[in-house]
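> Let me see the structure of the following:
(2 chains)
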2 protein chains.
Amino acid sequence: MTRTLIHETWGDHAALLARSASAPSGSVGVVQPQVAVVATPDDPLRLEYGGVLEHVSVTYETYGELNAARDNAVLLCHALTGSAQAAGVHPSAPGQREVPGWWDPLIGPGKAIDTRTHFVLCSNVLGGCYGTTGPSSVDPATGAPYRLAFPRYTVRDMVAVQRRLLGTLGVESLKAVIGGSMGGMQVLEWAASYPECVRSFVAIAVGARHSAWAIGLNEVARRAITSDPAWMGGDYPVGTQPEAGLGLARAVAMLSYRSVESLEAKFGRERVSQTRELLAPSFEIESYLAYQGVKLVRRFDANTYLYLTRAMDDFDLAEGRGRLKDVLKRLTMPALVMGIDSDVLYPEREQRELVAGLPNAEYARVRSPHGHDAFLIEFPQLAARLRRFLASLE
Amino acid sequence: MTRTLIHETWGDHAALLARSASAPSGSVGVVQPQVAVVATPDDPLRLEYGGVLEHVSVTYETYGELNAARDNAVLLCHALTGSAQAAGVHPSAPGQREVPGWWDPLIGPGKAIDTRTHFVLCSNVLGGCYGTTGPSSVDPATGAPYRLAFPRYTVRDMVAVQRRLLGTLGVESLKAVIGGSMGGMQVLEWAASYPECVRSFVAIAVGARHSAWAIGLNEVARRAITSDPAWMGGDYPVGTQPEAGLGLARAVAMLSYRSVESLEAKFGRERVSQTRELLAPSFEIESYLAYQGVKLVRRFDANTYLYLTRAMDDFDLAEGRGRLKDVLKRLTMPALVMGIDSDVLYPEREQRELVAGLPNAEYARVRSPHGHDAFLIEFPQLAARLRRFLASLE
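Residues are numbered from 1 along each chain as shown, chains lettered A, B, ... in the order given. Below you'll find the predicted structure:
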């Protein structure tokens, strides 16, 4: 087995999903992403930081059918480097292999989020690089990518864009809004910004605000990118990337997404060589981190990484809304909050704080050695919790 | 209070020590570092990786007096960016402010490591940059700094150099060998390499081998340095540093030395500005990490950081000695192993593994919110444990 294959087959999202998709039934099949225009010069999008976007298009996917009562919609919110492709396959995904969506094992006919009874919707976030207007999109005013000229945006802005998208689709009420990590931030913002639309929500591996430690890790990642001369002040040519910087940013992130125990169990002190060279890779873990960096460089825009990590750092549910305690008290819809026992990035303490403040929330612990990433790995546990919660809403 | 002062006065080693040193008594006072030559062309040092050094000088300090029986010596081993200055002050320390040594509150007349009854010794490690021969030293063969031409060395090599130093001082038996973090690795190597010299040892916040997670963090730090164009393949001119890279390496390390809780309690979401600029510092934690980077750049050589982190990653007590279980079983001298309850870098699991395998060891938990760095912060707890352990040896 080559080294690459070893990495592919451990805790690797693509590999896990590929196994899941080989199941004979339950898949939503081949999905064609769709695009909606949600801001125009006549109806521009005004951002929290003051920027204005006169052109915003959103790439999204849907699975299942909206029912006649228009009350069976479930909105999924993706994490930092995710996309609208939550389920199914679409061979033409930009820069991606032909792999199923990031939550494919949970979405489909008969699965936990059952597409026979639900209309499931997922869109690439505002400022992303998977088809929704963002830093790598062409600015119609200049004909060139926005790059750092793109205005700064927040999680609240992402949610405002999703609200507009739902309007174009005729969806005014959501049975549930569901997401983990940065997706969980969107979930909480949805509940606080549009409580009249949100009948329930599921927030996974997220807190009410980004912690100093999480901000610090994101700042290290940003500095890794901006310190790379190939970043060129954000003006790297189309088709290139600041590879060293973005790869390094990903390595830092991967260490925080996993746990000491899971990396130890998988890699321990396995060596890739017995070299005397100071700087040659010595250990499997080094090779693994390098490999994860290369993978991200192939599929994710470096400037977008800067913007999205800023949006995460700015995330504070209570910002401009009063005391957190009072903000949470107003979110009276049923809620499921899930935490992961080995998550060091968004530790369970943060989810327990949410549950303690929400009037109608239950807590579910995901037991996993895999750290934060467990929300993309521990599908059986997630499925059981989601299935029960969605059933309780009937 | 300026921002710099805020950073100085929180968990800042120098500030903590300055407060401790202002106590009217118990200080070892002004100490003059000394230098010993421990390898010459006639008696070269052969390293584990095969390199040979024909010139090795060691900078060391001593506190207290060696008794007539020559049996009251205590060896202290410093951590990654530490120096021989464990106690007292010496205004001429290269690049340092006039601050007391890194364990000053624990060493002195009447303190936990009582210099009225002990002869305390601490040396800068082989390959360091505080006076012992290392990558920033001048290679006598070329008249220029070794830089990356310095041979790769291990923790075992560091300990071999300390053994030679003790020989020159006429010390053949150590009452105790004591250290934390990379210092703790040296402690364990001492016990395994020279059990006939080591009558007891104290290993703090360390495990029997470097974990995959810790290796990964060090690798990220090395890549941050070597990705900086100012590193120049290791050939940055004397008097310069790859500032961005070394600063970034330090930021990553600082996040692992502290805990989520301690950074949250201190910085939370305090902002330094309300800027709309994407890349301007927004939060106190960003400013703090940048400040810590600048501080390290002023005092620590970047190439040395590469070598020392490699030595830590290579650390595996059992390497070449058989099964860890059997290696530990042979270390029959009294031992005190201390762990820190909030240490994410060398979690208590690692210290418990040591204690479980050592036939004559006791475990002591340091309770602290400060993470790994607690071994340089929680002086009252450390003092109580050390005092009791040393007394038990009488």
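> what's the helix or strand for residue A:218?
Take DSSP states H and E as the rule and residue A:218 turns out to sit in helix A:212-226.
> Kindly apply the preceding question to residue A:326 instead.
Here residue A:326, judged by DSSP H and E, is contained in helix A:324-329.
> could you give me the average pLDDT of that helix?
Averaging pLDDT along helix A:324-329 yields 98.
> Now do the strands in chain A.
Secondary structure of chain A by DSSP state E: the strands cover A:34-39, A:45-46, A:52-53, A:56-63, A:73-77, A:107-108, A:113-114, A:119-123, A:176-180, A:201-204, A:335-340, A:361-366.
> how much does the longest one deviate in direction from strand A:73-77?
Put simply, strand A:56-63 runs at 120 degrees to strand A:73-77, going by axes from the mean of the first three to the mean of the last three Cα atoms, to 10 degrees.
> Include distance to residue B:131, mean neighbour count and mean pLDDT when you put the strands of chain A into TSV, please.
All C-beta atoms are positioned from the backbone trio N, CA, C, and that covers glycine. Below are the strands of chain A laid out as TSV (distance: least, Cβ to Cβ, whole Å; neighbours: other Cβ atoms under 10 Å in any protein chain shown; pLDDT from 0 to 100):
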stretch	distance to residue B:131	mean neighbour count	mean pLDDT
strand A:34-39	63	18	98
strand A:45-46	60	17	98
strand A:52-53	58	17	98
strand A:56-63	60	22	98
strand A:73-77	55	27	98
strand A:107-108	62	28	97
strand A:113-114	63	22	98
strand A:119-123	59	26	98
strand A:176-180	51	29	98
strand A:201-204	52	28	98
strand A:335-340	47	26	98
strand A:361-366	51	18	98
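> for chain B, what are the nearby residues on the stretch 101-250 of chain A?
Contact residues (Cβ under 8 Å from any Cβ of the partner chain) of the stretch 101-250 of chain A with chain B: A:148, A:152, A:209-213, A:215-217, A:219-220, A:222-224, A:226-229, A:244-245, A:248.
> if we can go back for a sec, which one of the strands of chain A lies closest to residue B:63?
Proximity to residue B:63 (Cβ to Cβ) singles out strand A:335-340 among the strands of chain A, at 47.9 Å.
> What subset of the residues of the stretch 101-250 of chain A next to chain B is buried?
Buried by 16 or more other Cβ atoms under 10 Å in any protein chain shown: A:148, A:152, A:209-213, A:215-217, A:219-220, A:222-224, A:226-228, A:244-245, A:248, out of these.
> hang on, the earlier thing: contacts for the helix holding residue A:326 next, please.
Residues outside helix A:324-329 that contact it (Cβ atoms under 8 Å, 6 or more residues apart in numbering or on different chains): A:192, A:208-209, A:317-318, A:321, A:354, A:357-359.
> Can you tell me the centre-most residue of chain A?
residue A:79 (0.8 Å; Cα atoms, centre = their mean).
> For the stretch 251-394 of chain A, what lies in contact range of chain B?
Near chain B, when you scan the stretch 251-394 of chain A using Cβ under 8 Å from any Cβ, you find A:251-252, A:254-255, A:258-260, A:263-264, A:266-269, A:276-279, A:282-286, A:289, A:306-307, A:310, A:313-314, A:316, A:344, A:347.
> Buried subset of those residues, written for PyMOL?
Applying 16+ other Cβ under 10 Å to these, the buried members can be selected in PyMOL as follows:
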select buried, chain A and resi 251+252+254+255+258+259+260+263+264+266+267+269+278+282+283+284+285+286+289+306+307+310+313+314+316+344+347
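> circling back: surely the residue nearest to the centre of chain A meets residue A:179?
Yes: with contact defined as Cβ atoms under 8 Å, residue A:79 counts as touching residue A:179 (7.3 Å).
> and the residue of the stretch 51-200 of chain A nearest chain B?
Closest contact between the stretch 51-200 of chain A and chain B, by Cβ to the nearest Cβ, is at residue A:152 (5.5 Å).
> surely that residue meets residue A:53?
No: counting by Cβ under 8 Å, residue A:152 sits too far from residue A:53 to count as a contact (11.5 Å).
> Give the intersection of the neighbour lists for the two.
Joint contacts of residue A:152 and residue A:53 (Cβ under 8 Å, 6+ apart) are residue A:47.
> For chain A, give me the ranges with low pLDDT.
A:1-25, A:91-98 (pLDDT under 70).
> ranges for the helices of it?
Applying DSSP state H to chain A gives helices spanning A:3-8, A:13-21, A:155-168, A:182-193, A:212-226, A:243-257, A:260-266, A:284-299, A:302-314, A:324-329, A:348-357, A:379-392.
> for the fourth one, packing partners?
Pointing back at helix A:182-193 there. strand A:73-77, helix A:155-168, strand A:176-180, strand A:201-204, helix A:302-314 (3 or more Cβ pairs under 8 Å, 6 or more residues apart in numbering or on different chains; DSSP states H and E).
> change it to 6 Å
Other elements packing on helix A:182-193 under the criterion 3 or more Cβ pairs under 6 Å, 6 or more residues apart in numbering or on different chains; DSSP states H and E are strand A:73-77, helix A:155-168, strand A:176-180, strand A:201-204.
> Pull the residues that contact that helix.
Applying Cβ atoms under 6 Å, 6 or more residues apart in numbering or on different chains, the external contacts of helix A:182-193 come out as A:77-80, A:155-156, A:158-159, A:177, A:179, A:198, A:201, A:203-204, A:206, A:312, A:315, A:317, A:331.
> just the third one next, same as before
If you take Cβ under 6 Å, 6+ apart as the criterion, helix A:155-168 is touched by A:36, A:38, A:47-48, A:58, A:123, A:125-126, A:185-186, A:189-190, A:193, A:311, A:315.
> Show me how far it is from its chain's centre.
16 Å (Cα atoms, centre = their mean, to the nearest Å).
> Give the residue farthest from the middle of chain A.
Ranked by distance from the centre of chain A (Cα atoms, centre = their mean), the top residue is residue A:276, with 40.4 Å.
> shouldn't that residue be in contact with residue B:49?
Yes: assessed by Cβ atoms under 6 Å, residue A:276 is found in contact with residue B:49 at 4.9 Å.
> shared neighbours of the two, anything?
Joint contacts of residue A:276 and residue B:49 (Cβ under 6 Å, 6+ apart) are residue B:152.
> Could I get the helices of chain A in CSV, plus columns for distance to residue B:101?
As requested, those are arranged in CSV below (distance: least, Cβ to Cβ, whole Å):
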stretch, distance to residue B:101
helix A:3-8, 44
helix A:13-21, 48
helix A:155-168, 47
helix A:182-193, 45
helix A:212-226, 28
helix A:243-257, 32
helix A:260-266, 31
helix A:284-299, 34
helix A:302-314, 37
helix A:324-329, 44
helix A:348-357, 36
helix A:379-392, 50
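> wait, which of those is closest to residue B:236?
Using Cβ to Cβ, the nearest of those to residue B:236 is helix A:243-257, at 17.6 Å.
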